[in-house]
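Enquirer: would you be able to build a 3D model of this:
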Amino acid sequence: MRRFRTLLGVTLAGACALAVVPGTASAAPAVSQKAAAAIDDTTGAYYPLAPARLLDTRSGLGAPTGALGAGKKIDLQVAGRGGVPSAGVGAVVLNVTVTGPTMNSYLTAYPAGEARPSASSINFPKGWLGSNNVTVKLGTGGKASIYNHLGSTHVVVDVVGFYAADNTLTNRNGSEFWPVTPDRLFDTRSDGTGKMPAGSWIDYSVDFGADNPGIRSLVINLTAVAPANAGFLTAWSGAGTRPTSSTVNYGAGKVVPNLAYVQTRPCYEDWCTPGAPMFRVYTSQTSHFVTDLVGLIDDGSWGGGLRFKPLSPTRIADSRYGQGIPAALTPGAVRTVTTPAALLDETTVALAMNATAVAPTSSTVITVWPAGWGDPKPMASNLNPAAGQTVSGAVLSLIGPEAGFNVHNLSGTTHMIFDVVGTFYFLDPAAALAAKGAKAGTTAPAVVGTTSRASTGS
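Expert: Predicted coordinates for the structure are as follows:
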């Protein structure tokens, strides 16, 4: 039997070890016939994967060896590789890394066989090393096109999961997405851990009480803060050996975030609540890091979560031209972006986007959260661009009763761009209406405690 959850948001009971807190919400009535049928329909369901490399232009994996040149594209075969089925896949979740670009430029990922859209997936300066979480709809032959605008750059692509296109997948155990208002879970600068040494890791556990057994993955924004040298963070369940793929690639002294879908496993150590989902973050160089919770992925047993509809990348806001946002964001400014009606229907409650801060006048922090419910700005970040840097980041955000989201700029002045790559929706229109209008409905469980354990092993 699923539980009835009534608030969109996360309530942290503390950052120290906590006993299991009994659930206080009463059980909902038995799953309706509509919800029961939905559980057996894979359309829009998510399937997490162990990170697998699909492209590395340095070695010739997935494309001929050599940097991707100006105005060139790679039609990357995705379906049938890295655990992605050969058919029945609508979109994939990728981690795209750029290394050694010769000019300021950007990459655009889009469905193969379609005209290239006026949108970007990752923006970068000359000489940059960095990555971005990119959700892309698959096109002709199960391929995704990756285009580079200027100069040349090496490109590395890892797949971390996929969304079903229809109801043809033979694996019925698809998952649903449960968004939360972004909230900070862990911060090595303030939680007593301190800067983690090179080659070390932290095991994190997040306690959702009675809902722990139904959680398969967490969606987090993971930020590296002031690393001593260029390197990377890797987040994974902690099971088995560390994956060869990276989650966040950072330069020395930078503040670099990235959205991550991280598989979890139950924690049965003496430092955590038994059965609470856990994951591990490894750092290759001495660094602080910060973890913000964005949502969670269930194991397919709850029913009533969100499904995903992929779209070709669509620009909905560009403050440089007054589209969606009338002008650049000044220090402390909050602007509300309203989703164009053409991208919505009555079941849509959240967006998957790529957000880009364009050449801020000072180092700043960009935060996105749903509009229209009167919520204050959360203690979380989506982008952390340095002065003059144009940087992109994936954003998953609920949209409020007027189909909008807020964006806040901390300091300096910056232009902002938002490109939508898909929408999240309820299968039940009535549930969508309740969620949009009153922050009520079947939503994510609350966090009741968090714990961590650091290791200096390599």
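
Enquirer: per-residue pLDDT, residue 435?
Expert: Reported pLDDT at residue 435 in the predicted model: 63.

Enquirer: likewise for the one 3 residues further on?
Expert: In the prediction, the pLDDT value recorded for residue 438 is 53.

Enquirer: again, but for residue 183
Expert: As summarised for this prediction, residue 183 has a pLDDT of 87.

Enquirer: quick one: it from residue 177, how far?
Expert: Here the criterion is CB to CB, to the nearest Å. By it, residue 183 lies 16 Å from residue 177. To be clear about C-beta, it is placed using only N, CA and C from the backbone, and glycine gets the same treatment.

Enquirer: quick one: which of the two has more around it?
Expert: residue 177 (25 against 16; other CB atoms under 10 Å).

Enquirer: what's the helix or strand for the residue lying closest to residue 323 once chain neighbours are set aside?
Expert: Of all residues not flanking residue 323 in the chain, residue 317 sits nearest, at 5.8 Å (CB to CB, 6 or more residues apart in numbering). Under the criterion DSSP states H and E, the helix or strand holding residue 317 is strand 307-318.

Enquirer: where does this structure dip in pLDDT?
Expert: 1-39, 432-443, 457-458 (pLDDT under 70).

Enquirer: care to break it down by domain?
Expert: Split into domains by automatic domain parsing, the chain comes to 33-39+175-304+443-453, 46-164, 307-425.

Enquirer: can you give me how far the first one is from the chain middle?
Expert: Yep, that's domain 33-39+175-304+443-453 we're talking about. Average the C-alpha atoms of domain 33-39+175-304+443-453, do the same for its chain, and the two points are 11 Å apart (CA atoms, centre = their mean, to the nearest Å).

Enquirer: returning to that earlier point: can you give me the buried ones in the next helix or strand after the strand holding residue 317?
Expert: For strand 307-318, the following helix or strand on the C-terminal side (DSSP H and E) is strand 334-338. Neighbour-count burial for strand 334-338, counted by 16 or more other CB atoms under 10 Å, picks out 335, 337-338.

Enquirer: about what we covered before: burial check on the residue nearest to residue 323, number of neighbours?
Expert: 24.

Enquirer: identify the bridge partners of it.
Expert: residue 418 (DSSP bridges).

Enquirer: likewise for residue 454?
Expert: residue 202.

Enquirer: so it makes contact with residue 204?
Expert: No: Residue 454 lies out of contact with residue 204 (CB atoms under 8 Å); the separation is 9.9 Å.

Enquirer: look at those two and report which has more neighbours.
Expert: Between residue 454 and residue 204, counting by other CB under 10 Å, residue 204 is the more crowded of the two (27 against 16).

Enquirer: which SS state does the more buried one fall under?
Expert: The three-state assignment at residue 204 reads strand, by DSSP: H, G, I helix; E, B strand; the rest coil.

Enquirer: you'd agree it is up against residue 280?
Expert: Yes: Residue 204 is within contact range of residue 280, at 7.3 Å (criterion: CB under 8 Å).

Enquirer: measure the residue nearest to residue 323 to residue 358 for me?
Expert: For residue 317, the distance to residue 358 - CB to CB - is 12 Å.

Enquirer: now the helices for the stretch 1-150 of the chain?
Expert: Remark: helices assigned in the stretch 1-150 of the chain by DSSP state H, counting those that start in this stretch are 33-39.

Enquirer: contacts only, for the nearest residue to residue 326 once chain neighbours are set aside.
Expert: Once flanking residues are discounted, residue 326 sits nearest to residue 319: 7.2 Å by CB to CB, 6+ apart. Contacts of residue 319 were listed using CB atoms under 8 Å, 6 or more residues apart in numbering, and they are 325-329, 335, 415-417.

Enquirer: between these, which sits nearest residue 128?
Expert: residue 417 (17.9 Å; CB to CB).

Enquirer: give me the nearest residue to the closest one, chain neighbours excluded.
Expert: Nearest to residue 417 is residue 356, by CB to CB, 6+ apart, at 4.1 Å.

Enquirer: tell me what the strand or helix carrying residue 408 is packed against?
Expert: Secondary structure from DSSP H and E places residue 408 in strand 404-409. In terms of contacts (3 or more CB pairs under 8 Å, 6 or more residues apart in numbering; DSSP states H and E), strand 404-409 is packed against strand 334-338, strand 366-370, strand 415-425.
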